[in-house]
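*Asks:* take this sequence and fold it.
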Amino acid sequence: MRDIGLEQAIQAAGGVASLARAIGIAQPSVSNWSRIPAERVLAVEALTNVSRFILRPDIYGNANDAVPMTGQSDDIDEIDQQRAAEYGLLALLLGKAPDADTLSRIATLKGDASEFGMAHIELATAAASVGDDAISNEFFNLFVGVGRGEVLPYASYYLTGFLHERPLARVREDLDRLGIARADAVGEPEDHIAILCEVMSGLAGGLFEADFAEQAKFFERHLRPWAARMFADLEQSKSAAFYRPVGRVGRIFMELESEAFALS
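*Replies:* Below is the predicted model:
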């Protein structure tokens with residue numbers, strides 16, 4: 001039997017198949033769920049607008065009386081929730097080509113007159129105008145390619161010029177220390193930008209039992225040295241259309257995070 005949170009998420013997504021497509025897993029997997037798996041909560045929240053407090057109250061408590069995790073305050077700060085959602089969005093878009101359902105949700109993004117806000121508006125406009133075939137081809141050309149893609153979004157590559165080098169080992173060491181395991185269905189090495197953003201989403205959103213110092217340490221070790229540069233390359237890529245504003249959003253967000261952690 002499905003719990004209330006899962007039922008609401010399925011209804012908000014438009015059905016089991018739509019929810020499965022939106023988060024990039026097989027429909028039978030979602031059909032077999034009795035509740036949202038812990039590692040999927042933030043992605044489902046971002047895509048359906050169903051609160052994590054409804055999706056998994058056993059983890060987060062309720063919105064008015066959240067159950068604190070070790071080292072955290074009584075509730076997750078609103079800014080940290082926004083940061084978690086931003087990291088989750090980047091992880092979603094860089095992990096695989098978004099489908100029509102995902103694009104339709106991204107097309108509803110709003111923004112203000114700031115550089116970051118305008119980048120979100122540009123991303124929403126791009127999502128509203130791109131088609132399924134075009135986005136699939138663009139994702140392939142950028143990140144897969146024949147032989148290799150135009151952009152290789154791995155810490156090892158950006159920091160050493162090669163894949164599967166010491167930066168990957170360092171990521172694995174920290175993930176092991178934090179008790180975070182890569183999902184079986186994920187084929188990319190752990191220093192892929194999508195995986196690192198997903199981890200930061202979990203840290204910021206309170207999914208993983210770690211304090212703010214751990215967030216800062218993980219960002220400083222595994223994202224600050226290269227991620228903004230990778231997003232800038234994506235922003236300037238000749239093959240990028242939809243992914244140009246993705247690169248802009250990511251670059252600005254990495255710069256903001258660097259400044260915030262430095263001030264902290």
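*Asks:* could you check how far Gly20 is from Val44?
*Replies:* Quick fix: residue 20 is Ala, not Gly. Going from Ala20 to Val44 by C-beta to C-beta, to the nearest Å gives 11 Å. All C-beta spots, glycine's among them, are computed from the backbone N, C-alpha and C.
*Asks:* can you check Asp233 too?
*Replies:* 30 Å.
*Asks:* ok, now Ala119?
*Replies:* 24 Å.
*Asks:* which of the two has more neighbours?
*Replies:* Per other C-beta atoms under 10 Å, whichever of Ala119 and Val44 has more neighbours is Val44, with 27 against 22.
*Asks:* in which helix or strand would I find that one?
*Replies:* Assigned by DSSP states H and E, Val44 falls within helix 41-48.
*Asks:* Tyr154 against Ala194, yeah?
*Replies:* No: contact criterion C-beta atoms under 8 Å: Tyr154 and Ala194 do not qualify, at 10.3 Å.
*Asks:* quick one: Glu7 is in a strand?
*Replies:* No: assignment of Glu7 by DSSP: H, G, I helix; E, B strand; the rest coil gives helix, placing it outside any strand.
*Asks:* now name the helix or strand holding Thr125.
*Replies:* Thr125 is located in helix 115-129, with elements delineated by DSSP H and E.
*Asks:* so what touches that helix?
*Replies:* Helix 115-129 has contacts (C-beta atoms under 8 Å, 6 or more residues apart in numbering) with 98, 103-104, 106-112, 241-242, 244-246, 248-249, 252-253, 256.
*Asks:* buried subset of the residues you listed?
*Replies:* 98, 103, 106, 109, 111, 242, 244-246, 248-249, 252-253 (16 or more other C-beta atoms under 10 Å).
*Asks:* next, format the residues you listed as JSON lines and append distance to Gly15.
*Replies:* Formatted as JSON lines, these follow (distance: C-beta to C-beta, whole Å):
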{"residue": "Pro98", "distance to Gly15": "18"}
{"residue": "Leu103", "distance to Gly15": "17"}
{"residue": "Ile106", "distance to Gly15": "19"}
{"residue": "Leu109", "distance to Gly15": "23"}
{"residue": "Gly111", "distance to Gly15": "29"}
{"residue": "Phe242", "distance to Gly15": "25"}
{"residue": "Arg244", "distance to Gly15": "32"}
{"residue": "Pro245", "distance to Gly15": "29"}
{"residue": "Val246", "distance to Gly15": "27"}
{"residue": "Arg248", "distance to Gly15": "33"}
{"residue": "Val249", "distance to Gly15": "29"}
{"residue": "Ile252", "distance to Gly15": "35"}
{"residue": "Phe253", "distance to Gly15": "32"}
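*Asks:* how about low-confidence regions in the chain?
*Replies:* Along the chain, segments meeting pLDDT under 70 span 58-76, 184-185.
*Asks:* mind splitting the chain into its structural domains?
*Replies:* Following automatic domain parsing, the chain resolves into domains at 4-60, 78-263.
*Asks:* past the helix holding Val44, which element shows up next along the chain?
*Replies:* Helix 41-48 is succeeded, C-terminally, by helix 52-55 (DSSP H and E).
*Asks:* run the angle between whichever helix in the chain runs longest and helix 115-129 for me.
*Replies:* The longest helix of the chain (DSSP state H) is helix 243-263. Here helix 243-263 runs at an angle of 150 degrees relative to helix 115-129 (axes from the mean of the first three to the mean of the last three C-alpha atoms, to 10 degrees).
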